[in-house]
Each structure stands twice: as C-alpha cells, then as structure tokens.
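**Q** My questions are about this predicted structure, shown below with the sequence.
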There are 4 protein chains.
Amino acid sequence: MSFREERAAERKLNIVKAAAKLFSEKGYHDATVEEIARELKYTKGSIYYYISSKQDLLFQCHDLAMNLLLENIEKIKNSGLPPDRMLKEVVKSHIETLVSEFNLITVTLGSDYELEEKYAEIIIAKRDQYEKFIADIIREGIKKGIFREVPVKMVINLIMGASNWIGRWFSPDGPMTIQEIGQFYADYLVMPLLS
Amino acid sequence: MSFREERAAERKLNIVKAAAKLFSEKGYHDATVEEIARELKYTKGSIYYYISSKQDLLFQCHDLAMNLLLENIEKIKNSGLPPDRMLKEVVKSHIETLVSEFNLITVTLGSDYELEEKYAEIIIAKRDQYEKFIADIIREGIKKGIFREVPVKMVINLIMGASNWIGRWFSPDGPMTIQEIGQFYADYLVMPLLS
Amino acid sequence: MSFREERAAERKLNIVKAAAKLFSEKGYHDATVEEIARELKYTKGSIYYYISSKQDLLFQCHDLAMNLLLENIEKIKNSGLPPDRMLKEVVKSHIETLVSEFNLITVTLGSDYELEEKYAEIIIAKRDQYEKFIADIIREGIKKGIFREVPVKMVINLIMGASNWIGRWFSPDGPMTIQEIGQFYADYLVMPLLS
Amino acid sequence: MSFREERAAERKLNIVKAAAKLFSEKGYHDATVEEIARELKYTKGSIYYYISSKQDLLFQCHDLAMNLLLENIEKIKNSGLPPDRMLKEVVKSHIETLVSEFNLITVTLGSDYELEEKYAEIIIAKRDQYEKFIADIIREGIKKGIFREVPVKMVINLIMGASNWIGRWFSPDGPMTIQEIGQFYADYLVMPLLS
DNA sequence: CATGAATGAGAGTTCATTCAT
DNA sequence: AATGAATGAACTCTCATTCAT
C-alpha cells in the first residue's frame, strides 16, 4: 500500500469511527451523513470521496467490530488454557473490547436489521464463526467433564446477551472498572456450567 | 368513559399493536405510518384521528410493555415465596412475557434512543420501578443469607441482559418450549447468587 | 372509475403534459421535478402523490405519444384505401399528430436512451407495432404492383426520419400550414415508391 | 504552434473523441467527466488541464462534426457536376460521414439544446452555411429546369431529416453497406425533385 | 504535468403531518 | 369518522469544478 493509499485508508477509518459514534448515539437513521461529516470538519460531499454510501459506513462499523472480536479470540484460542479458564477469558475479552470500542460494538449490536442483505451475509458469517469458537470451548469442557451437560447454543446466547447488554448501561464513572466488571461477569456466567 | 371513547380507545390499542409489529420487524424509522395504517385497512390520514404522532405510537408501545411487566411483578410480589424462588419466578415471568408479547417488548428493547425526552422520562421511571423490585428481592436474599454478597445493580443488569437478548434469537420452532427456556435461564442465572 | 379516481387520473395527465413540455424544451435531465411542479403550481413533494418517479413521468410521455400514433393508424387501417393513398394518409397523420402533440412526441423522439430498460421494452414493442403496420402497407403495394420493389425496412426508416425531423424545425409562424406540410411530405416521400 | 502546444492539441482531440463516444452512447448528461477521463486513463483532475469545461467538450464535438461536413461540401462544390448529380453526391457524402464519424455526428444531432447560447451561435452559423450550400444547388437545379419548383427550405429539412435519422438505426451488421445505403437514399430523395 | 482531495450546489425522493370536505 | 390531497422539511447522493502539492 502506497503512502497515499495509506492516508486515504486512515481517513476512511476516521470517518467510520465518527459514524460509529453517531450511529451509536442516535441510531443509524437519526444520524445524518452531514453530521458525520461535520464531526470531522468535512463537508457532506467530501465524505463521499471516501465512502460509497451510508450503508457502506454501517457495514464498515459492523465489519470492524467483528474483526476486533475475532482477533481477540484468535489469541485466546492459542493460549492452551483449560476450557473453564478459556471461556472466562473470552467473556472478559469480549466485554473489554465492547467497552474500549464502545461505539463500534454498540452500533453492531443495535442495528442488525438496518444492514442490507448482501452486507448482512458477510457479518452473519463472522458472527457464526465467533460463536462457533465459543461453542467449541464449551463442548470441549463438557467432554473433559469440567462442564456439565447443557444446551450449548442456549448458553452462548445467554452469555452473549448478558455481556452485550453492558453497552446499554456502562458508564466509565461507575464504581467498578471495566476489568472488574469483566471478571465479575466471567465468574458469574461460567460458574453454572461447572459440574 | 363513554361508548364513543371506549371504541376509540379500543381502536387505538389495535393501532398500537399493529405499530408494535411493524416497529419490531423493521425498526421505528423503517416502518412508515402508511404501512401501519394499511395493516389495519385504514388510510394514512385516518389514523391521525386516533393518534397524535408516530412518536406517540412508539411511546404507547413502550408504556404497554412496561405495564405488562409491572403487572407480572405485582403478582409475584404477593406470592410469599422465599427470595431465591421469587427471583426465579421473576426471570421466568419476564421471559414468558417477552415472548408472548414479542413485538411489544422487542420494540421496547430496541428503540430506547428513539423516544423523545418527555416520553423517555415516563418509561425510565417505570423501568426503575421494575428493577427496584428485583433489587429488593436480591437484597432480601442477601439479608437472609440465602444469597451471597454481590453488587446488586450489576447482577440485575446481567440478568436483564441475558433475558432480554432472547428477543434476538427466539423462534417458536426451536427445540425448547418457552417454558423450558424460562426455567433454564432462571436456574442458570440465580445459581451463582446462592451462598 | 370513480369520480375521485377520474380526477386523479386527470391531474396525473396534466403533470405528464407539463413534464412533456419541459422535457422537450430543456431535455430530460435539465428539466427538474421542481420546475415541472412549479408549472402546475404544485410543490415538489406534492407531485409524488401522483407519480412514482421522474422516470415514470418520462415513460408516460413515451407511452402517451405512442398510443396517440397507434390510434391514428387504427383508423387508417380500416379506411379501405389503396396502398399508395393509405401510405400518404399515414405520413400526413403522423406529421399532424407530431405537431399537434408537439411536446409529447418531441420528448419521445429525443430521449430514447434515457428510458430505463423495463420501460423501454414496452415502448419499443409499440414502436415495432407501428412500423409493422407501415411495412404491411408497403408490402401490399408491392404485391399489387403499385409500388416497385424496395428494401421495406429502409424506406420506413427514411420516411420516419424525414417526418420526425419536423419536430426540430417546425414553427407555427412558418409560411405553410401543417396540413400543407403534411401533404407535401406525403407526396414527396411516396412518389419514389411508385412503379 | 510550438511542440508543446501541438501535443496538447493532439491530446485534446483525443479527449474530444472519447467524449463524443460517451456522449453518443449515454447522452451528454449521463456521461460523466470521470468516465471520459477513465476512457483515456486520465484522472478527472488531469483532464481539466486540457479542457475548460464539459460544455467546451460538447462544443468541440459539434464543431468538429460541422467542420467535417463542411470540408466534404467544399470538395463537391468544385466538382463541376450538374445539380442533380451534385445533390446526390451531397447526400451520399453526408451519410457516409455520418456513419464513419458516428459518435461525433450522433452527438451533434442529439444534443442541440444542451449547447449554451454562445456556443450554439457558432454551430448554428456553420449549419446555416451547410444548408445554404445545399439550397444553392437546388435553386441552381430549378433555374436550369432540372428540378421542379419546390419550397427549397422544406426539401432540405426533409432530406436532412431522413439522412440524419440513419444515426438512430444504422448497424454495420445490416444487410446493406453504407455505400449502398447512401446511394439508395440519394436516389430516393432526389428523384421527387426532378421535373 | 498530473493528481488526490475537497467542495458546494443541487437533484430526486420520502414521509410525518395537516386539513378541507 | 374518515380520507384524498397537499405540503415542506429533511435526507442521501452526484458531479463539474478547483487547487495545493
């Protein structure tokens, strides 16, 4: 990638992040392209030099978010931890990413149905990949007798739901740090699995 | 309430339910007033005889949903059950209502930010009331030594998050009935509280 | 058709005619929906109560024009005239319609390529039907020995081209009436066919 | 003209031809400056080094086309042929140029109204010159008794219309060569003039 | 010379809302 | 009580044009 292309990519990233911020604050529809542009001191027209449509922007948010989550998981996958500790790591990592990339992930969680078919497919594939990894951990734990028998899919939904909801109420001014929250959630949500 | 008013109220309720359906399917913005009207074989103009604005419709959805949840809780409150069993009942009841009034609750959970300030206040008050009741149960449990010491607010958020997320994935065609799901969630989510 | 529907149809027709006028004056692109609206003292938004898009408006122009031409031909078809006289009638009628519905036909002749595929198909079908009728007359004339052998398709193109071009230069202030022009063209263009 | 200027002129000519191609394919408006640039592997910005505006490009097309036609006529003018044969030569030459420089002439014929006033004047002057030459031939023919008395202007319009329309339907894959078409048109259109 | 980047003026379109009838 | 009709504000997107580098 040339210097020029790099800079353009960087600018696009900034635009996506500004979009994420506004999308997460006001929702996809209520955030206008003009506002997103203004946020970066661009004009409405200029932004279209970098993006192809508002939908594209939404898709980039989703994609970036999923990529971040998948990267996390890749690291954990190779950690060699036992299933229970690995699952806790996943929960903690998920939550910490959720908060550190708050806007990005919040957008993703709140605007599924806004994504057009062709974009949605890509994102759903990544989400499935993510959940499959978690499912593998749980199944491994069951096989090893560390976890009791449970409906795996449902447990994942439960854990994901609890974790994702954090985007609705988390405030950095709260009494607990995000690490503490992550730890608490990890412990709370993994405990009922133990046999 | 006169006969006339009663009939108007009934029709408005129908409109709200039709709106809930469309809002939950397509989102607040993507559902148009015209579609809502068409759903009930009204015309766009006519509907304004019963409602004052699209926002009003959204608010009614939220309000109806919260009233249903609060009614549930009222019953449980007077059941005389011990805290652990009472909390499980709350979770089960919450989940069953969520599913039986799917559209209504889904709208509520997915469109906070769309509610205008003045409406939002009312809904938030009811939500606080709902959560306060759950907090009371947990605190009672802690006091009685049935539950261990936990950050109450956070546990509520965790439970609510897990439960509410069901709206994202539940399908009546799944392998478990909603009662079984409710039971599983209740057990799973209350277990880590036990001392 | 009810009274209401009739009135709506009439208004739509007016809009189409206003559009035809502006399209023929300034071209499809340079005529804006707002101008078309202003022409009829509508607002830009109101016009969309009657039409579905600017393309729709263009299509209606084309369709109306072709229908007028086809109606003319239907009359001539049943006149029982011999081929040479019938062909002259077609040319005269074509030219007179072209001028009396100047805007409509001019739009049609000048903006083929602007029509989107799905609309274009319909119009092209009608145009083919029109030209087929003329071809039939010429073939009949050849068979009867009134016309000499000629490449039929090319003659039609020649005649149509000459006639349609009138839209480019005709002015009601010119020295000849449109009837005289029609007669002159009919004589001039049919003469070389005679054997 | 210096070397530099010459090269610039050459490049400009290429740009004009690329523009002609796109204008004739998609119409003046639908062809974007970016597409024209891309056709020649320029960038949108670069092209403005050679041209002053999109209008300029359109004007150049018109101008080039008219110059080609006028050059043809200049040759015929000095051929010493009798009026009837001279007129046939004009028609043939017109048609052959129309086809060999298809894009250029097609643009010219289809986008009168797009030309801004100041440019239009220049083109119209050339067109008048062109038509005046044809008028002279016809008048000469009438004076010499070869042609019958006719409204000259109208005959020219008729001939031009028929000929120009060829741009609408001509395809190199058709059954006749362009020379044959030219001959056919010339014969067909001159015949009715003979006394 | 060439171009990446930016701009701004508008275009078409949608839709909640109003209102006369 | 109901509705056809109209409105206007807002929105997304396009594109010819400019300019610093």
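**A** Looks like it arrived, so ask away. Residues are numbered from 1 along each chain as shown, chains lettered A, B, ... in the order given.
**Q** what's the pLDDT at the residue of chain A found nearest DNA strand E?
**A** Closest to DNA strand E within chain A is A:Gly45: 2.0 Å, counting by Cβ to the nearest atom of the strand. Yep, even glycine has a C-beta here, placed from its N, CA and C like the rest. Looking at A:Gly45, its pLDDT stands at 92.
**Q** name the element it belongs to?
**A** A:Gly45 is located in helix A:44-47, with elements delineated by DSSP states H and E.
**Q** Send me stretch A:4-15 as CSV with only the CA atoms.
**A** The C-alpha atoms that make up stretch A:4-15 are tabulated as CSV, following Å, rounded to 0.1, in the frame of the first residue of the first chain:
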residue,chain,number,x,y,z
ARG,A,4,-1.3,7.9,-0.5
GLU,A,5,-3.4,4.9,-0.2
GLU,A,6,-2.4,4.5,3.4
ARG,A,7,-3.5,8.0,4.2
ALA,A,8,-6.8,7.5,2.4
ALA,A,9,-7.4,4.3,4.4
GLU,A,10,-6.7,6.1,7.6
ARG,A,11,-9.1,8.8,6.7
LYS,A,12,-11.8,6.3,5.9
LEU,A,13,-11.2,4.7,9.2
ASN,A,14,-11.7,8.0,10.9
ILE,A,15,-14.9,8.5,9.1
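**Q** and that stretch, anywhere near chain D?
**A** No. If you take Cβ under 8 Å from any Cβ of the partner chain as the test, stretch A:4-15 misses chain D, and the best it gets is 12.4 Å.
**Q** What about A:Gly45, how many residues nearby?
**A** When neighbours are counted by other Cβ atoms under 10 Å in any protein chain shown, A:Gly45 registers 10.
**Q** Quick check: the gap between it and C:Arg7.
**A** Distance from A:Gly45 to C:Arg7, counting by Cβ to Cβ, to the nearest Å: 42 Å.
**Q** cool, A:Ile51 as well?
**A** Noted for A:Ile51: a distance of 45 Å to C:Arg7, by Cβ to Cβ.
**Q** neighbour-wise, which of those two wins?
**A** A count of neighbours by other Cβ under 10 Å puts A:Ile51 above the other of A:Ile51 and C:Arg7, at 18 against 11.
**Q** does that one sit in a helix or strand, and which one?
**A** Per DSSP H and E, there is no helix or strand for A:Ile51.
**Q** what's the helix or strand for A:Gly182?
**A** Going by DSSP H and E, A:Gly182 is part of helix A:178-190.
**Q** Show me which residues of chain A sit near DNA strand F.
**A** Counting by Cβ under 7 Å from any atom of the strand, chain A comes close to DNA strand F at A:31-34, A:44-45, A:48, A:52-55.
**Q** For the residues you listed, which entry has the maximal number of neighbours?
**A** Neighbour counts for these, by other Cβ under 10 Å, peak at A:Ala31, which reaches 23 neighbours.
**Q** so what's the residue lying closest to A:Asn14 once chain neighbours are set aside up against?
**A** Residue nearest to A:Asn14 in three dimensions, not counting chain neighbours: A:Leu40, with 6.1 Å by Cβ to Cβ, 6 or more residues apart in numbering or on different chains. Applying Cβ atoms under 8 Å, 6 or more residues apart in numbering or on different chains, we find A:Leu40 in contact with A:14-15, A:18, A:47.
**Q** and those, which two are the farthest apart?
**A** Farthest pair in the contacts of A:Leu40 (Cβ to Cβ) is A:Asn14 and A:Ile47. Separation: 10.6 Å.
**Q** How about A:Lys92: what's its closest non-neighbour residue?
**A** A:Gly182 (3.9 Å).
**Q** and the helix or strand bottoming out on mean pLDDT in chain A with helix B:102-110, angle?
**A** Within chain A, no helix or strand scores below helix A:102-110, which has a mean of 89 by mean pLDDT, DSSP states H and E. Here helix A:102-110 runs at an angle of 180 degrees relative to helix B:102-110 (axes from the mean of the first three to the mean of the last three Cα atoms, to 10 degrees).
**Q** In this structure A:Leu87 contacts A:Pro192, no?
**A** No. The criterion here is Cβ atoms under 8 Å, and A:Leu87 misses it with A:Pro192 at 11.7 Å.
**Q** still on that earlier bit, by contact count, what packs against the helix holding A:Gly182?
**A** On a contact count with 3 or more Cβ pairs under 8 Å, 6 or more residues apart in numbering or on different chains; DSSP states H and E, helix A:178-190 meets helix A:83-100, helix A:152-169, helix B:152-164.
**Q** Around DNA strand E, pick out the residues from chain A.
**A** For chain A, the residues in contact with DNA strand E (Cβ under 7 Å from any atom of the strand) are A:4, A:7-8, A:11, A:42-46, A:48-50.
**Q** Could you dump those into JSON lines with distance to chain B added?
**A** Below are the residues of chain A next to DNA strand E laid out as JSON lines (distance: Cβ to the nearest Cβ, whole Å):
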{"residue": "A:Arg4", "distance to chain B": "38"}
{"residue": "A:Arg7", "distance to chain B": "34"}
{"residue": "A:Ala8", "distance to chain B": "31"}
{"residue": "A:Arg11", "distance to chain B": "28"}
{"residue": "A:Tyr42", "distance to chain B": "24"}
{"residue": "A:Thr43", "distance to chain B": "25"}
{"residue": "A:Lys44", "distance to chain B": "20"}
{"residue": "A:Gly45", "distance to chain B": "24"}
{"residue": "A:Ser46", "distance to chain B": "26"}
{"residue": "A:Tyr48", "distance to chain B": "22"}
{"residue": "A:Tyr49", "distance to chain B": "27"}
{"residue": "A:Tyr50", "distance to chain B": "25"}
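**Q** closest to D:His62 among those?
**A** Using Cβ to Cβ, A:Gly45 comes nearest to D:His62 of these, at 30.8 Å.
**Q** Distance check, that closest one against D:Ile47.
**A** For A:Gly45, the distance to D:Ile47 - Cβ to Cβ - is 20 Å.
**Q** Test my guess that A:Ala8 contacts A:Asn14.
**A** No. Between A:Ala8 and A:Asn14 there is no contact under Cβ under 8 Å: 10.7 Å.
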